[in-house]
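Novice: Take a look and give me a structure for this.
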Amino acid sequence: MAKKTFVTGVSGFTGGWLAKRLVEQGYDVRGLVRDPEKAGHLKDLGVTLIKGDLRDKNSFKSAVQGVDVVFHVAAAYRQEGIPNKFFWEVNLDGTRNMLEAAKEAGVKRFVHTSTVGVQGEIANPPATEDAPFNPGDVYQESKKAGELLARKFFEENDLPGTVVRPVGIYGPGDTRFLKIFKFVYNGKFRMIGSGKVLYHLTFVDDLVQGIILAGEKDEALGQVYTIGGPEFTTLERLVEMIAEALQVPVPKNKLPVWPFWIAGLLCEGICRPLRIEPPIYRRRLDFFTKDRAFDISKARRELGYEPKVDLKTGLKITGDWYKQMGWLDK
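Specialist: Residues are numbered from 1 along each chain as shown. Down below sits the predicted model:
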């Protein structure tokens, strides 16, 4: 009999890829989604869609009955215009609701998806799982709280569980990295700062295989794993590789950081009291100024995790998909 799984965030990028791979590997998959119409393609693949909201445990707790493994992927992700309390309601309170529902239903395994963002800027890259927490915004703060809650809940309630921390996720279906691809493609990209900071990405199919392993391996119980791609590089080299994948000239222009930091400060001060999204804000400069590189050797050693898609190949696959969708010209 196929193992029954429950995936939260199934209409999202990572959750959708995870549900698809689980079905292909013979799992019986139920997926939590607020709007089933956004996940109709998964229903066609055999995923049972459960309409509900993490903030309301009664909307999904009956659907967790009889489930073997919960993969908790759903999260409120950072973007302007979302009130801070929403991050806490979803990333902390929603995680608590999911944990309690799993415990009450007698679920045998729980895989909680956190983020390497809980470690913020990395002082001594590449960072292991034991590097200190250093969240830099409300999203990262709320994800840290959700992770710590899950780890404590596993210990105190005898719920077999594992935490995975994905490194920057990209691939077909992603929209978060679309902007940098578009700017490189249309020649508008400008490097802010030196471009020497380190950056690390994970192709989405590698990530979901790591998440599945975390739900299968006995060695994973009670552990935290960073799931990342096989290599990290400088931001400058990453931009070069994106240009090569898109077959366009490599951007050469570099701009100093400080004018953008000041402009962001001013825009935030003016726009936020008016509830207007700032055209530029300081958090976006983190991409250009903070090291983000991670050590995945623990996942390799204990889970048998081995990312199969190198960065050059993954960027080409992603760029080709954006072209196919017509998104680079919009």
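
Novice: Now do the buried residues in stretch 103-114.
Specialist: Applying a neighbour-count criterion of 16 or more other Cβ atoms under 10 Å, one finds 103, 105, 107, 109-114 buried in stretch 103-114. The C-beta positions use only the backbone N, C-alpha and C, and glycine is treated the same way.

Novice: Let me know the secondary structure of His41.
Specialist: What DSSP: H, G, I helix; E, B strand; the rest coil gives for His41 is helix.

Novice: ok so, going back, greatest separation within the buried residues of stretch 103-114: which pair is it?
Specialist: Greatest spacing in the buried residues of stretch 103-114, by Cβ to Cβ: Ala105 and Ser114 (22.1 Å).

Novice: So Val224 sits against Val163, correct?
Specialist: Yes: the pair Val224 and Val163 passes the contact test of Cβ atoms under 8 Å, sitting 4.4 Å apart.

Novice: Now do the helices in the stretch 101-250 of the chain.
Specialist: Residue ranges of the helices in the stretch 101-250 of the chain, as given by DSSP state H, counting those that start in this stretch, are 138-157, 178-185, 204-214, 235-246.

Novice: Let's have those in TSV, adding mean pLDDT and distance to Thr289.
Specialist: Output for those, formatted as TSV (pLDDT from 0 to 100; distance: least, Cβ to Cβ, whole Å):
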stretch	mean pLDDT	distance to Thr289
helix 138-157	97	16
helix 178-185	94	15
helix 204-214	98	25
helix 235-246	96	9
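
Novice: Looking at the ones you listed, which is nearest to Val10?
Specialist: Nearest of the helices of the stretch 101-250 of the chain to Val10, taken as Cβ to Cβ: helix 204-214 at 11.9 Å.

Novice: which residues do Val224 and Val163 both contact?
Specialist: Shared contacts of Val224 and Val163, defined by Cβ atoms under 8 Å, 6 or more residues apart in numbering, are found at 114, 147, 151.

Novice: Closest to Asp35 out of those?
Specialist: Nearest to Asp35 among the shared contacts of Val224 and Val163: Ser114, at 24.7 Å, using Cβ to Cβ.

Novice: Quick check: closest non-adjacent residue to that closest one.
Specialist: Glu147 (4.0 Å; Cβ to Cβ, 6 or more residues apart in numbering).

Novice: hmm, back to that, let me have the buried residues of stretch 103-114 in TSV, extended by distance to Ser142 and pLDDT.
Specialist: Rendered in TSV, the data for those read as follows (distance: Cβ to Cβ, whole Å; pLDDT from 0 to 100):
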residue	distance to Ser142	pLDDT
Lys103	22	97
Ala105	25	97
Val107	23	97
Arg109	24	97
Phe110	19	98
Val111	19	98
His112	13	98
Thr113	13	98
Ser114	11	98
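
Novice: In strands, which of those residues appear?
Specialist: Taking DSSP state E, the ones among the buried residues of stretch 103-114 that sit in strands are 109-113.

Novice: mind putting these in TSV, distance to Leu198 included?
Specialist: TSV is the format used below for those (distance: Cβ to Cβ, whole Å):
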residue	distance to Leu198
Arg109	33
Phe110	32
Val111	27
His112	26
Thr113	23
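
Novice: which of Val224 and Val163 has more neighbours?
Specialist: Applying other Cβ atoms under 10 Å to Val224 and Val163 shows that Val163 carries more neighbours, namely 25 against 21.

Novice: List the contacts of that one.
Specialist: By Cβ under 8 Å, 6+ apart, Val163 lies in contact with 111-114, 147, 150-151, 223-225.

Novice: any idea how far Val67 is from the residue nearest to Ser114?
Specialist: Distance, Glu147 to Val67, using Cβ to Cβ, to the nearest Å: 21 Å.

Novice: ditto for Lys290
Specialist: 38 Å.

Novice: Who has more neighbours out of these two?
Specialist: The neighbour count for Lys290 versus Val67, taken as other Cβ under 10 Å, is higher for Val67 (21 against 15).

Novice: Send me stretch 66-84 as PDB with only the CA atoms.
Specialist: Provided in PDB are the C-alpha atoms of stretch 66-84 (Å, rounded to 0.1, in the frame of the first residue of the first chain):
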ATOM      1  CA  GLY A  66      -4.400   8.300   8.200                       C
ATOM      2  CA  VAL A  67      -1.400  10.200   6.800                       C
ATOM      3  CA  ASP A  68       2.000   8.700   7.200                       C
ATOM      4  CA  VAL A  69       4.200  11.700   6.400                       C
ATOM      5  CA  VAL A  70       3.500  15.500   6.500                       C
ATOM      6  CA  PHE A  71       5.700  17.700   4.400                       C
ATOM      7  CA  HIS A  72       5.100  21.200   5.700                       C
ATOM      8  CA  VAL A  73       6.300  23.500   2.900                       C
ATOM      9  CA  ALA A  74       3.800  26.400   3.000                       C
ATOM     10  CA  ALA A  75       5.000  29.800   4.200                       C
ATOM     11  CA  ALA A  76       4.300  33.500   3.900                       C
ATOM     12  CA  TYR A  77       7.200  34.800   1.800                       C
ATOM     13  CA  ARG A  78       8.600  38.300   1.900                       C
ATOM     14  CA  GLN A  79       7.100  41.100  -0.200                       C
ATOM     15  CA  GLU A  80       6.100  44.600   0.400                       C
ATOM     16  CA  GLY A  81       2.500  45.400   1.300                       C
ATOM     17  CA  ILE A  82       2.000  42.400   3.600                       C
ATOM     18  CA  PRO A  83       1.500  43.300   7.300                       C
ATOM     19  CA  ASN A  84       4.000  41.900   9.700                       C
END
